[in-house]
Every structure is written in C-alpha cells, then in structure tokens.
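**Student:** make a model of this:
(2 chains)
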2 protein chains.
Amino acid sequence: MALPNELSATELVAQTTSGALKVVDVARAVIARIAERDATVQAFAWFDPDALLRQAEALDAAPTKGPLHGVPLGIKDVFNTRDMPTGHNSPRYAGSQPGVDAAAVDVLRAAGALLVGKTVTTEFAATLRGGKTRNPHDPTRTPGGSSSGSAASVADFQTTIALGTQTGGSTIRPASFNGVYAIKPTWNSISREGFKMGTISADTVGLYARSAEDLMLLADVFDLDALEAPAPTGLAGARIGVCRTPMWDKAMPETRQAMAEAAAALGAAGAAVSELDLPASFAGFADAQLKIGRRETRSTFLNEYRTTPELHEEFKARVEHRDAPPPSEIREAYKLVDRCRALFDDIAAAYDVILTPSAVGEAPLGQDKTGDASFNSMWTLLHVPVVNVPGRRGPSGMPVGLSLVGRRYEDRKVIAFAGRAGAVFATP
Amino acid sequence: MALPNELSATELVAQTTSGALKVVDVARAVIARIAERDATVQAFAWFDPDALLRQAEALDAAPTKGPLHGVPLGIKDVFNTRDMPTGHNSPRYAGSQPGVDAAAVDVLRAAGALLVGKTVTTEFAATLRGGKTRNPHDPTRTPGGSSSGSAASVADFQTTIALGTQTGGSTIRPASFNGVYAIKPTWNSISREGFKMGTISADTVGLYARSAEDLMLLADVFDLDALEAPAPTGLAGARIGVCRTPMWDKAMPETRQAMAEAAAALGAAGAAVSELDLPASFAGFADAQLKIGRRETRSTFLNEYRTTPELHEEFKARVEHRDAPPPSEIREAYKLVDRCRALFDDIAAAYDVILTPSAVGEAPLGQDKTGDASFNSMWTLLHVPVVNVPGRRGPSGMPVGLSLVGRRYEDRKVIAFAGRAGAVFATP
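**Tutor:** Down below sits the predicted model:
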C-alpha cells in the first residue's frame, strides 16, 4: 500500500476528508521521508518536524476541511510566510520573519494544505548559481532552478505539491529536470503578492504536482478561468501545433528526439499535428526581453543595493545600469513584446494546444549552475499558460519534459491536454 | 523663520547635513504640528511620538548622513513597514506586523528619511469609500483618495514628503485636491514590492512633496532615468500638447477654466502650445481598462475573500466574477491597451510635455467618497509619468491641479517642466 507521502493530492484529500487518514499520519510520513532523503536531496531551506506535527494536529482538530486538507506543500523560500522565516537564499534575509503570508500561501493555507517547509531557491530567484539542492534522480546533477527545492521535493515524495515562481524558466525547467508536472499559469491569474519581485512584467507563481489531475485540483483552489468551450474528451482530432521557437539551435539531441517522439505519439493518438512557425517579429523577442529584464530589475533590486554591501556583482551591475539600454530602446522593446503577445493570441487560436521544449536537454551535471532557460523565457513574458509534461527520458536516463502552451486564460485547457499527453509520452 | 516642518525637503536636508538643524528638532516640530492639527485633519492611521523621537535620536547619532537626512516622511498604510503596523484600513490587518519594509520604504529609510507614521488609505487602496482624513484646506471636504493621509499630511506641513500609490487616480487626484506636487512615475520605475496589489498592470508607487525641486530630489533617491536630452532651460520654445482626453465631458467649470488659463500662461511664457487629439483607439480605452481591472483584481483579492468573511461586497463581487467579461474580451482589452501604449509613445514624441486635467474639479464636500479618477486612470495604465502641478484654484477657493505627462522614462523631464509650469500657474 502506498505511503501517505506517495499519494497524489487528489487521492490524499479523499482519504483525509473521509477520515480514513489523519493529517498527523501524513505529517509523520513526510517527516520520515525527509529524514531518509534530506542528506542526499537537500530540498529544504527551513524545516521543523515539531512545528509540522503541531500544524497537522490543528488540521485534524479543525471543524471544517478544505479542498487540500492535509496535502503536504513545499513553499519556495521567496514567498513570505507568517510562521516560518523567509530567507531568499540571501545573507540579508537569513531568519527574516515577514509576519504575513504571501497571497498564494494564504490561499493554500486557507484550503487546508499542510505547510511542510521552505524550499531552496537560488538567491532572490534571480540567478543561475545553484543552491544546495540535488536532483533526486541523480544527486550528481542539478535539479534546475530557481525553484530547485520545490521541484525536487515533489519529485522525491517529500511534498505532494509545491509553490515555485517563474520569471525566465524557474518553474518549468526544474519540472523537466525532475520529471514532474508543473504549471506556469497565465500572468497574474494567481496573485504574486508577497514573493520577491524580479522582472514584474514576467514574474509568475508556479505550481508543482505529480499529475495533471493534481494541477487541476490546484486550478480549482486558485479559481483559474473556466473553459471557454467544452473540455476535450481525448486527443483524437485535437489541433496541436509544434513550435520549435527561435531557440531551436540550442536543443540537444534528447530534446529533439523527445519532441519528435511526442509529436508522433500525439499523431498516433489521432491528433492533427502541424508545424507552427512564429512570425519574423519573434526573432527580436529574446533581445527585447533582455532589455526589459535589465530595466525592471534595476528598480526591483535598488533597495537591496542600497542596504546590502555584500550583494552579488550581477545585482549590482543591474542597479548601476552597466550595459543598460537607453529608454528609447526599452520603449521599443516593450512595443515589440506587446505586438508579439497580440500576434500569438491570433496564431494560437488555430490550435487547441502547442507543443514546445521545456529545456535544452537533461539536467546537467553538477550543482554550480541550474541550466538554460532559453525554451521557457519567451512564454513567460508572453503571459501564456505553460504546463510541463514528463514522460520522456534522455541518454542518461534522466527526465526530459515537454511543454504544452495555450492562450492567456486557457490554463485549464492546457492542464486537461497535459494529462492526456502525459499518458502517451510515458516512456515504456 | 520657518519651522522645520515648513521647510522643503531640499532646504531641510541642507540644514540637517550642515549640522544647523538636529533631526530631533525636526521630529519635535512634526510632533507639535500633528498635536495641533490631528483632530481636524486626521491624516494618520498610526503615529507614535516617542518612537519618532527615538528614531530621530538614532539619525542624529548616525555616522553618515543620507540624501534625505531627517526629512519627515508619511507612509501610506498599504506599504509594509518593519517597525510599524500595516493596516490597509482593513479589519483583517489591524495591528498586522509585516516585519520587512516595502522596497520603497527600504530605499527611503536607507536615504535617512524620518519615518513619521502610517497615513490613512481607503481599504486596500482600492475603494472610493473615504477614510477619516479631511482636507486641510477645508475639513468639510474630502482630501481625495486612496492616498488620503499622505496628500493631506504633506499639504498640512505634518510631513514633508510622502509615499502614495496609484492604480486609477490615487496619487494625482489627492495632490490636486490638496494643492501639492506629486508624481506618478513610469510604471515599475520604482519597485512596487511590499505594497498591497490591486491591478498589477497599473499599480504604481506615488510620491508627494510641496515643490518640483523636492520631487527631483526623490527622483535622485529612486534613481529615476536620466534625461535623454539636455534639460529644458525654460518654457520659451517648449512644445506643449493640450490633451482634453475622451473624458472631457466630465470636466467641471473650474477644471475647464484652469486648463484654459494654464495653456494661456504657458503660451505667454513662450511655449508652443497646441491641441493633442488622441486617435480613435483611445475611445475604447476606459472600457478595456475596466475589464483588465476586473480580471486582475479577481486574482489579487482571492486570498482576502477566502479568509475574511466580512470583506466588503465590492471585493466579493470581483472574486466571484459577477459581471466579469469572458477571457476573449479580456485578451482583446489587453491588445487595445498595448496598441494605445505604442501609439502614445509615437504621438508624445512630438511634444516636450503634455498638459491634461488632474481631476474633474475641486475636492467634493463630505468624507463619504474620495472623488472621480476619470482624468487619471488612462495615464496610469499607459505607464507614463504624470506630475500634478498646483497653483490654480476653483470657485470655493480650493486647489485645482493640472497634470503634466511625458513618455515612459521621461520622469525627470516632466518634473523639470512641472517646476517651471508651477511658477506660471500660481494664482496671483
């Protein structure tokens, strides 16, 4: 029989709600799993087993049960939490107590989630320098970042769901590297209040789970938009666009192979699979995104710069606007991105969902760097929903995820297709 | 001789930096002024004279002096503060201690500002229901909102500078009603981390002062963008566009008169004043903005809805998406706004600065409602800098402000013109 920490959120809630499973037993299973695996995976920045047991006892004693009653939740350590420190993997914030929950934490706590602890992030969720966390599939490899601990903890059954963030590829890339499902929802369809700002035009809350069904449960909890048309009942007849993006040259053999196999599998399941070539404007998107990121992070790190002499050089460079483009170029960058958002809305209307890489390849060796976000960043700034679908594997046996993308507010449609696609992507 | 609380920030810093004035004497002057006027104006949600004196003593003892050394600062009570409660004028947050400063507070504190207290806001800076604050020019009238206490405290010499926010007209309208200068800067050119989210696409930090010179000092502190061309040396030859906006029908006689007199005064000073008619797309802007606001605040108030049964009906309506437009309409709303931003950039390039109303008229009687934001909201969502310039007065002798507007990142140019325009707008 599966241990409580091995259940999906959907299965677990059924048991905690019926009374078949006590939350305190869920907490004990989580504590045991973390005790067993933490020396290897190191997913947590803060974890207190006694506090977790007390929280579980309070949930067991609560007069009502929410839709996530007792579901173990990992919280990326850039989200403010009222009863745990919030460290941002920054010396300035070590032990910092923000006292008020971030909006997403507030919603999940109100839904009855069991808040396991704070998961490791790269500093301010804004660098490629790895934290201490290791990939649970192979501890000599990175779990990706910046949501390193959240992705690894879900993959390793230390949590069941987890909160991440994404400004470039910080939710989807780790999902790919760890072989779990994740959604980077439509921009601002989940409030980003109370997590560290980076590039405000792109920053988005991300969610991890081990199934599309669990992502749909979270879509309910966060009240993501209802389907605009009846839900697809299968892949037969689905219109699927294959988008290699202007970054295709960066795709490693395993990503090229996974894309080809996935497209073939979808076609074999009856989907109408066709190539989607983005218009010429998109060739300038990455450069425009770089400029926007430089200008926006110049503002968002000013306070850290003014107060923290030991701030890393890359943040200092932003605030001092070394190599910053002049305002005229930044205005043009926003215009290009705005045009591309409108173009993409029109293009994507011809498809049910779009297939695109989640990462350049398998998780790289080492913990120094968290990998390459080239295949994620554009979708983030386009504000569209992206779901990572696991199933394929690379030459080292590591997971290689693929992304499904929809139009803004089509989050539920993308999740629904992710569940169906996941079944056909699964490596035998 | 002027009392310390009557000085401009620029004058005050010269004295505190030279040692001619101790910060503790600034604090005493502020405490005396608040004691004299608080029963009438009621600008503060939280004020502790003993804590203020201790803070002033610490500033006097500090080894270095920042660019705002000892400048009395009012902080709208939606900004998190590490040593004062942050109440949002909401029962849920009464006495709440967020423990970490909002980014703008962090920057101002690091610059040596004297944090006087938390100023009254409408609930979550998101309603038109007035708070307790009264207009210092006439306590039977509203000071405007939502940054009610910040605008009133600066106008009434209880603070010298103050932090506000603007999503519709929450900084500029109160500046107009209270007869002070204020800037609503380019979107995200000051980090909005740590103040309550409403409509994230529009939410902007606002700054109050009693002179354009003080706004320029704050532009330095917040590192707003450098001028792209040499600063104007006067109004002679300046290209000024007069923009009545699609809202002109709402302008009351005093606003129409102030606009006409201001345009004439600028012309008399040698400026090339011409009409600026916005293209037809802008006719749909207000409707698109309403739709975007409904969708974004649906996300940002979800956590309050789930946790706070006594939440006001208007917030509940947002979260329950009563009357919400479908996603297809919201996508079209974003497209229209994005197009208008690009159009405005191109149009505004032909002008040095644009003159437009700050409010429909004088501050209305009563404290129930904070007035009409019709003339502010479009500029906020266009992300362009707006400075309120006082000087004109209406039939009741109340201030009637006018706005100067520039392109994104032209904040310093707009402030520079505001100083020159203010001199010619001043009612004899």
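
**Student:** ok, longest helix in chain A?
**Tutor:** helix A:327-348 (DSSP state H).

**Student:** neighbouring strands for the helix or strand that it is followed by, and are they parallel or not?
**Tutor:** Where DSSP states H and E defines the elements, the next helix or strand beyond helix A:327-348 is strand A:353-357. Take DSSP bridges as the rule and strand A:353-357 pairs in its sheet with strand A:239-242 (parallel), strand A:399-405 (antiparallel).

**Student:** who in the stretch 51-200 of chain A is up against chain B?
**Tutor:** Within the stretch 51-200 of chain A, the residues that sit near chain B (C-beta under 8 Å from any C-beta of the partner chain) are A:80, A:86, A:93, A:96-101, A:103-104, A:106-107, A:110-111, A:188-193, A:196-197, A:200. C-beta here means a position set from N, CA and C on the backbone, and glycine is covered the same way.

**Student:** can you rerun that using 6 Å?
**Tutor:** Remark: the part of the stretch 51-200 of chain A in contact with chain B comprises A:97-100, A:103, A:106-107, A:110, A:188-189, A:191, A:193, A:197, A:200, using C-beta under 6 Å from any C-beta of the partner chain.

**Student:** nearest spatial neighbour of the residue nearest in space to the middle of chain A, skipping sequence neighbours?
**Tutor:** With distances taken as C-alpha atoms, centre = their mean, residue A:171 lies nearest the centre of chain A, 2.4 Å away. Once flanking residues are discounted, residue A:171 sits nearest to residue A:206: 2.8 Å by C-beta to C-beta, 6 or more residues apart in numbering or on different chains.

**Student:** for the record, mean pLDDT for stretch A:11-28?
**Tutor:** Mean pLDDT, stretch A:11-28: 98.

**Student:** buried residues in that stretch?
**Tutor:** A:11-13, A:15-16, A:21-28 (16 or more other C-beta atoms under 10 Å in any protein chain shown).

**Student:** okay, that stretch in CSV with CA atoms only?
**Tutor:** Only the C-alpha atoms of stretch A:11-28 are listed here, as CSV (Å, rounded to 0.1, in the frame of the first residue of the first chain):
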residue,chain,number,x,y,z
GLU,A,11,-6.1,10.6,-3.6
LEU,A,12,-4.8,12.0,-0.3
VAL,A,13,-7.6,14.5,0.1
ALA,A,14,-10.2,11.8,-0.5
GLN,A,15,-8.7,9.9,2.5
THR,A,16,-8.2,12.8,4.8
THR,A,17,-11.7,14.1,4.1
SER,A,18,-13.4,10.7,4.7
GLY,A,19,-11.4,10.3,7.9
ALA,A,20,-9.5,7.2,6.6
LEU,A,21,-6.3,9.1,7.1
LYS,A,22,-5.3,11.6,9.8
VAL,A,23,-3.2,14.6,8.8
VAL,A,24,-0.8,13.8,11.6
ASP,A,25,-0.1,10.5,9.9
VAL,A,26,0.6,12.4,6.7
ALA,A,27,3.0,14.6,8.6
ARG,A,28,4.7,11.6,10.1
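
**Student:** gap between it and the chain center?
**Tutor:** On the basis of C-alpha atoms, centre = their mean, to the nearest Å, stretch A:11-28 sits 26 Å off its chain's mean C-alpha point.

**Student:** got the contact list for the residue in the stretch 101-250 of chain A positioned nearest to chain B?
**Tutor:** In the stretch 101-250 of chain A, the residue found nearest to chain B is residue A:106; the distance is 3.8 Å by C-beta to the nearest C-beta. For residue A:106, the residues meeting the contact criterion (C-beta atoms under 6 Å, 6 or more residues apart in numbering or on different chains) are residue B:303.

**Student:** do stretch A:285-295 and chain B meet at all?
**Tutor:** No. On the criterion C-beta under 6 Å from any C-beta, stretch A:285-295 is out of touch with chain B, staying 8.1 Å away.

**Student:** where do the helices sit along the stretch 251-400 of chain A?
**Tutor:** Applying DSSP state H, counting those that start in this stretch to the stretch 251-400 of chain A gives helices spanning A:253-268, A:285-300, A:302-307, A:313-319, A:327-348, A:377-382.

**Student:** contact partners of the second one?
**Tutor:** Same thing as helix A:285-300. A:197-201, A:318-319, A:321, A:324-325, A:329-330, A:333, A:336-337, A:340, A:377-378, A:381, B:188-189, B:191.

**Student:** okay, now residue A:365: neighbour count?
**Tutor:** Neighbour count for residue A:365, taken as other C-beta atoms under 10 Å in any protein chain shown: 12.

**Student:** for it, give its distance to residue A:134.
**Tutor:** Using C-beta to C-beta, to the nearest Å, we find residue A:365 at a distance of 11 Å from residue A:134.

**Student:** same check, this time on residue A:191
**Tutor:** Separation of residue A:191 from residue A:134 (C-beta to C-beta): 31 Å.
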